[in-house]
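Participant: Build me a model:
(chains A and B)
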Amino acid sequence: MDSLLAGRLQMAISLGFHIIFAVAGIAMPLMMVIAEWRWLRTKKEVYLALARHWSKGTAILFAVGAVSGTVLSFELGLLWPNFMEWAGSIIGMPFSLEGFAFFTEAIFLGIYLYGWNKVNAKVHLISGILVAVSGATSGIFVTIANAWMNTPAGFELLDGKPVNIDPVAAMLNPAAFSQTLHMMIAAYAATGFAVAGIHAFLLLRDPKNLFHRHALYIALAIGGVAAVIQPFSGDILAKTVAQNQPLKLAAFEGQFETEKGAPLRIGGIPDVEERETRYALEVPYALSVLAYDDPNAEVKGMEAFPEENWPPVVIVHVAFQIMVAAGMLMMAVSLYSLVLVLRKKKIFKNRNLLRTLVLCSPLGFIAIETGWVVTEVGRQPWIIYEVMKTADALTPMPGLVVPFVSFTLIYILLGIIVLLLLLSQFRASPDYYENSGE
Amino acid sequence: MIFSSEIIISVIMVISLTLYAVKGGADYGGGVWDLFAFGKRAGKQRDVIAEAISPVWEANHVWLILVVVILFTAFPPAFSTIGTTLHIPLTLMLFGVVFRGSAFAFRSYDANKRESSTWSLVFSVSSILTPILLGITLGAIASGNIVIENGVVKSGFIKPWLSPFPFAVGIFTLVLFAYLAAVYLTLETEDKELQEDFRKRALITAVLTGLLAVLVFILSGSGAPRINEGLGDKWWAWAIQILVFILASSAFVALLKRNYGIARVCAIGQVSLIIWGWALAQYPYLVEPNVTIFNAAAPAKTQNFLLIALFLGAFLLLPSFYYLFRIFRKL
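Facilitator: As a prediction, this is how the structure comes out:
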């Protein structure tokens, strides 16, 4: 295996692993805080049990997120020293700010988890809110740094070196808003759906347990709202990509030729040699409308760009299709649940909906992982779009396959352990029944 | 000159490193005493350690991240040099970081407690390896053996850290952390017998700390000549070393007299001054012999924004930390 591939795969594994825990660390605290708030409002013990239960899951996920995040902060230098030397002074700012958000999150999570009997109820709730807010804030800062790699700003080039560096302009880069919006909503959608699916599964086995009923409502409310608005943020982001990275957009869509009134391709496999995307369901004019709000707008195809700068189009297109499909399914299920709730139906008794939710529980995380592939692989061969190639950022360190394999094995092991621990947590979830006077 | 932004940022970085050592370091030390818990109170010792670390270790750990982000924001070439040449010890250290943190969390939240002895073992062994590798890295950075010329690593990927001096620093770091943890743990329990257990451990590691300090100093003669020189022929270096000696002796006497509060203050002062003495001896080098805080500095605008962010962040952070430690009675 060549060094570049090993380095890229190690980074991909590290990010793909960390993103799960980072996302859970953003959305889980919100759910546990809502449960605790409901407890303070209604005095129903079941909500307290729920807050405590979710906080345990949060603690495990946060710990693994914290250590895998530490690994990433070092890996930037271990794998991509030339990138960091070049860009550290431009995009170090959001990482530094993220550091403070992370501090706040860790401090107040400590108070939240271990302070149940040490601080009063109000302070405890506020600590939880601070965890939820700082978790989201750190996600925003990290995504801003990634957005900069897609749409670099805040510097001028002189002989290949950055001059007139403006860290604030770098943070306000063109993709910063749309990419962070999309990522944050994704975090709530994915976590909400995953948790709703787990409680739906437990409800199927233990239909009268109020614990799972309340859990389902809170998780589905968060996941559902996020899933319904997510396609709109996706649209905003796609327009940003169309504007700033037209080649990347063409790869999303498997669009080889430059074309007016371009169709939206649903599914399909791009054939790079033949320069066409086969087996796709084409919706006429739809891509031009989505990207430029005009059915006759010209969409640049990949052929308008030198082939050496093309990303691996098959991976990008397929990942994009999976992401969109997962997102659409989640939106449909959310809307259906909303209709049921508005009609005053008891969704916790609707076994078909519960089964659907169980099946949908991994969809959000599938969408996040494939979305991450879309944005990262779609930016290749660049590490900083049109400024620095990934290959030029790589460390000269030989034998990169060794750390790649080691981290992969470690993360697989940790992933399995976390899964088993979370499952055993859920198996131990408490019982609250209507006639038990909860 | 003394108030240039490079220097202020470096001072903040050393403050962060100091806080990481005296707070996060002690959490690693806790892991050491988890492994060396024995006798009929072994279980109780482990409980005290776990209770002491649980609420705070993640917050304490973030100081390391802060050091890293300050380094790559304000001194990018130093970060890339360290990342390139010390890839191996840093990667090994990261394995330790990952295993320590996850195993500790797994042990705390394993609902059926079945695997808790496995987690304990992973937690404590990685608590020992991680500080050693951190120390090896710091020793290598100070050694003067890291040379990159025109993007080519002249010094190789192994030689700078695989030598006696960095390893001595690694062991020294471990023993310092274990010493801090033992001193703190005397105050984490009301149980007199447990206090005696931790007092004994503190006294033993206090002696080891002194012996290893001498060994590190001797090895620095050939292993890190600049540090050796810096510590040897400047008046302030002698002042710091005498102060460290006074604080270490006071901590020792306080431990003998069971004045644990005083012992803690002295031990914190002792470890902090060791780090500051080191930092001053290394000034102005970030990585010897070529990278200094001046030639690696990011443009002024970046440094100024970073300083603003750090000051604002401190306003947010220090009260929060104060509150955290007060709730869990660590002040």
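
Participant: A:Ile417 against B:Phe106, yeah?
Facilitator: Yes. With contact defined as Cβ atoms under 8 Å, A:Ile417 reaches B:Phe106; the gap is 6.2 Å. C-beta here means a position set from N, CA and C on the backbone, and glycine is covered the same way.

Participant: how about low-confidence regions in chain A?
Facilitator: Across chain A, the ranges flagged by pLDDT under 70 are A:435-438.

Participant: show me where it has helices.
Facilitator: A:3-42, A:45-79, A:81-114, A:121-150, A:167-171, A:176-205, A:210-244, A:246-253, A:286-292, A:313-342, A:351-360, A:363-377, A:390-393, A:401-427 (DSSP state H).

Participant: same deal with the stretch 151-300 of chain B?
Facilitator: For the stretch 151-300 of chain B, the helices defined by DSSP state H, counting those that start in this stretch occupy B:164-185, B:192-223, B:225-232, B:235-256, B:260-282, B:300-327.

Participant: Quick one: residues contacting A:Ile185.
Facilitator: Applying Cβ atoms under 8 Å, 6 or more residues apart in numbering or on different chains, we find A:Ile185 in contact with A:226, A:229-230, A:233.

Participant: will you turn those into TSV that also has neighbour count and distance to chain B?
Facilitator: As requested, the contacts of A:Ile185 are exported to TSV (neighbours: other Cβ atoms under 10 Å in any protein chain shown; distance: Cβ to the nearest Cβ, whole Å):
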residue	neighbour count	distance to chain B
A:Ala226	25	26
A:Ile229	16	30
A:Gln230	24	30
A:Ser233	20	28
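
Participant: Which one's more surrounded, A:Ile417 and B:Phe106?
Facilitator: Comparing A:Ile417 with B:Phe106 by other Cβ atoms under 10 Å in any protein chain shown, the one with more neighbours is B:Phe106, at 23 against 18.

Participant: give the contact list for B:Gln281.
Facilitator: You called it Gln, but residue B:281 is Ala. B:Ala281 sits in contact with B:226-227, B:229-231, B:234, B:237, where contact means Cβ under 8 Å, 6+ apart.

Participant: Nearest residue to residue 64 in space, ignoring adjacent ones along the chain?
Facilitator: You didn't say which chain, so I picked chain A. Excluding its sequence neighbours, the residue lying closest to A:Val64 (Cβ to Cβ, 6 or more residues apart in numbering or on different chains) is A:Phe21, at 5.0 Å.

Participant: my bad, chain B
Facilitator: B:Tyr20 (5.1 Å).

Participant: sec struct for that neighbour, please.
Facilitator: Following DSSP: H, G, I helix; E, B strand; the rest coil, B:Tyr20 is assigned to helix.

Participant: What's the local residue count around the one residue in the stretch 201-350 of chain A that gets nearest to chain B?
Facilitator: Taking Cβ to the nearest Cβ, chain B has its nearest neighbour within the stretch 201-350 of chain A at A:Leu202, 14.8 Å off. Close neighbours of A:Leu202, defined as other Cβ under 10 Å, add up to 20.

Participant: Same question for B:Thr189.
Facilitator: Neighbour count for B:Thr189, taken as other Cβ under 10 Å: 19.

Participant: separation between it and B:Ala206?
Facilitator: Relative to B:Ala206, B:Thr189 is positioned 19 Å away (Cβ to Cβ, to the nearest Å).

Participant: measure B:Ile268 to A:Glu303 for me?
Facilitator: Plainly put, B:Ile268 is 66 Å away from A:Glu303 if you go by Cβ to Cβ.

Participant: How about B:Thr173?
Facilitator: Counting by Cβ to Cβ, the separation of B:Thr173 from A:Glu303 is 58 Å.

Participant: which one of the two has more residues nearby?
Facilitator: For B:Thr173 versus A:Glu303, neighbours defined as other Cβ under 10 Å are more numerous around B:Thr173 (26 against 14).

Participant: ok, the closest residue to that one other than its chain neighbours - contacts?
Facilitator: Nearest non-adjacent residue to B:Thr173, counting by Cβ to Cβ, 6+ apart: B:Gly135, 3.1 Å away. With contact set as Cβ under 8 Å, 6+ apart, B:Gly135 has these partners: B:166, B:169-174.

Participant: Among those, which pair sits farthest apart?
Facilitator: Within those, two members stand farthest from each other by Cβ to Cβ: B:Pro166 and B:Leu174, at 12.9 Å.

Participant: Below-threshold pLDDT in the stretch 101-250 of chain B: ranges please.
Facilitator: Within the stretch 101-250 of chain B, the ranges that satisfy pLDDT under 70 run B:111-115.

Participant: quick one: which of the contacts of B:Ala281 is nearest to A:Trp116?
Facilitator: Taking Cβ to Cβ as the measure, A:Trp116 sits nearest to B:Ile227 out of the contacts of B:Ala281, at 47.6 Å.

Participant: So the closest one sits against B:Gln282, correct?
Facilitator: Yes. Contact criterion Cβ under 8 Å: B:Ile227 and B:Gln282 qualify, at 6.1 Å.

Participant: overlap in contacts of those two?
Facilitator: B:Ala142.

Participant: Give me the more crowded residue out of the two.
Facilitator: Remark: of B:Ile227 and B:Gln282, B:Ile227 carries more neighbours, 26 against 21, as counted by other Cβ under 10 Å.

Participant: where's the more buried one relative to chain A, distance?
Facilitator: 23 Å (Cβ to the nearest Cβ, to the nearest Å).

Participant: circling back to that earlier point, out of the contacts of B:Ala281, which is most surrounded?
Facilitator: That'd be B:Ile227 among the contacts of B:Ala281, by other Cβ under 10 Å, with 26 neighbours.

Participant: what sits against it?
Facilitator: Neighbours of B:Ile227 in contact, by Cβ under 8 Å, 6+ apart: B:142, B:220, B:278, B:281-282.

Participant: same thing but at 6 Å, please
Facilitator: B:142, B:220, B:281 (Cβ atoms under 6 Å, 6 or more residues apart in numbering or on different chains).

Participant: Ok, which of the helices of the stretch 151-300 of chain B comes nearest A:Arg41?
Facilitator: Smallest distance to A:Arg41 across the helices of the stretch 151-300 of chain B (Cβ to Cβ): 24.8 Å, for helix B:300-327.

Participant: Just want the angle from the closest one to helix A:81-114.
Facilitator: Using axes from the mean of the first three to the mean of the last three Cα atoms, to 10 degrees, the inter-axis angle of helix B:300-327 relative to helix A:81-114 is 20 degrees.

Participant: Could you tell me which residues make contact with the residue in the stretch 251-400 of chain A positioned nearest to chain B?
Facilitator: Residue nearest to chain B within the stretch 251-400 of chain A: A:Met397 (4.6 Å; Cβ to the nearest Cβ). Each residue near A:Met397 by Cβ under 6 Å, 6+ apart is listed here: B:87, B:157.

Participant: Distance-wise, check it relative to B:Phe38.
Facilitator: Distance of A:Met397 to B:Phe38, given as Cβ to Cβ: 41 Å.

Participant: And B:Val69, by the same measure?
Facilitator: Here B:Val69 is placed at a distance of 40 Å from B:Phe38 (Cβ to Cβ).

Participant: These two: which is more packed in?
Facilitator: The residue with more neighbours, out of B:Val69 and B:Phe38, is B:Val69; 26 against 9, by other Cβ under 10 Å.

Participant: where's that one, which helix or strand?
Facilitator: For B:Val69, the host element (DSSP states H and E) is helix B:57-74.

Participant: That helix: how far from the chain's middle?
Facilitator: Computed by Cα atoms, centre = their mean, to the nearest Å, the chain-centroid distance of helix B:57-74 equals 12 Å.

Participant: Also stretch A:274-294?
Facilitator: That offset, for stretch A:274-294, works out to 26 Å (Cα atoms, centre = their mean).

Participant: Can you tell me the closest non-neighbouring residue to A:Leu61?
Facilitator: For A:Leu61, ignoring the flanking residues on the chain, the nearest one in space by Cβ to Cβ, 6+ apart is A:Ala24 at 4.2 Å.

Participant: Please look at that neighbour and A:Phe62 and confirm they touch.
Facilitator: No. With contacts counted by Cβ atoms under 6 Å, A:Ala24 stays clear of A:Phe62, the gap being 7.9 Å.
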